[in-house]
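Colleague: Only the shape, not the letters, is given here:
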């Protein structure tokens, strides 16, 4: 049986392609040890902060003012799937801390199952966000027809069903391997080696090559349309300045800016890891029949660095939403700050009923709510 923990932690690591320790033709040097140490220490931090951020983002996207917007449902689905992926990753990270719950029968299978499910859903929700942005920018007259909450719900349910069908195999192809020293390891059953190999390469196509190509292909006309829009705005800049016409950006343009940022950040953080993962897979296939097969120091170090960026793609999304999503930022402040300010203010009023004149108050997070004294 082959261990799964390193494959999860490594994503693009040698274990993901059934590579053996002999695949490394060098003793770990200083750079490799430093990269490994950084990865092991920063990954749990990424998981904890990412889970908190994704939960907060989910609350905002499913709030009353946003849950009827199709792209909000996709982003809420992505936040939930990213949360699931980070939780499973954190469970595996606990093994390095001596908390060996991952190598328990039942938990082992469920963790692997959720890793595949959440990874699949996360990337395809980004694809749907990109598709919706493409429609909004390149086919604006079809927005009301295709970009609806009802359509989004149907698509989300469809992807969940597909994921359950495609990735139920860990529930019956993995188990606990007991070593000669009594140690227990979550591992693949060797009897299912062919199935696992087929699934590994199929998963690479389904969750890596096809989605990335779709996003890149859709981003080309999106960027072209945005450049055309900026060119038109530059031509009209003089007229607007002379006529003192300062029109605020439309809600549609603000939505497209957020969706574009989501797609762009996703590509920037995941593409390096995907490229080296494909490179490793091709190298493995090429040297399968050869007696000499190994990785270089640079390949291993870059793999670990790019892997950190890959994990960040599940964790930093709330920052993207806050920076580029005007409505998200407004709702976030309203839900998590303004209401708390209002509650504290109401409590303060009850404690000061004997005061004949209440001082005028304002809230630093809202123009309509009050919470602190001037």
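Modeller: Done, it's in. Here the structure is a predicted model, which means the values were calculated and not measured. Numbering: from 1, shown residues only.

Colleague: out of all of them, which helix in this protein is the longest?
Modeller: Looking across the chain with DSSP state H, the single longest helix is helix 251-286.

Colleague: That one packs against which elements?
Modeller: With contacts taken as 3 or more Cβ pairs under 8 Å, 6 or more residues apart in numbering; DSSP states H and E, helix 251-286 sits against helix 70-93, helix 107-138, helix 193-204, helix 210-242, helix 297-312, helix 317-324, helix 326-333. C-beta: built from backbone N, CA, C; applies to glycine.

Colleague: Need the winner for burial among the ones you listed.
Modeller: helix 70-93 (a mean of 24; mean count of other Cβ atoms under 10 Å).

Colleague: Report the distance from it to the chain centre.
Modeller: On the basis of Cα atoms, centre = their mean, to the nearest Å, helix 70-93 sits 7 Å off its chain's mean C-alpha point.

Colleague: looking just at contacts, which helices and strands does it meet?
Modeller: helix 5-10, helix 30-61, helix 107-138, helix 149-166, helix 251-286, helix 317-324.

Colleague: Output the below-cut-off pLDDT ranges for the stretch 101-250 of the chain.
Modeller: 237-250 (pLDDT under 70).

Colleague: rerun at 80
Modeller: 179-180, 182, 229-250 (pLDDT under 80).

Colleague: just to revisit the earlier point, redo the helices and strands packed on helix 70-93 as JSON lines? Include distance to residue 78.
Modeller: Shown next, in JSON lines, are these (distance: least, Cβ to Cβ, whole Å):
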{"stretch": "helix 5-10", "distance to residue 78": "20"}
{"stretch": "helix 30-61", "distance to residue 78": "8"}
{"stretch": "helix 107-138", "distance to residue 78": "4"}
{"stretch": "helix 149-166", "distance to residue 78": "10"}
{"stretch": "helix 251-286", "distance to residue 78": "8"}
{"stretch": "helix 317-324", "distance to residue 78": "7"}
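
Colleague: Tell me which of those helices sits nearest to residue 207.
Modeller: helix 107-138 (5.2 Å; Cβ to Cβ).

Colleague: Report the next helix or strand after that closest one in sequence order.
Modeller: Following helix 107-138 in sequence order, the next helix or strand is helix 143-146 (DSSP states H and E).

Colleague: Which elements pack onto that next one?
Modeller: So helix 143-146, by 3+ Cβ pairs under 8 Å, 6+ apart, packs with helix 107-138.

Colleague: The helix it packs on relative to helix 317-324, how many degrees between them?
Modeller: Helix 107-138 and helix 317-324 are oriented at 20 degrees to each other (axes from the mean of the first three to the mean of the last three Cα atoms, to 10 degrees).

Colleague: Good, we can wrap up now.
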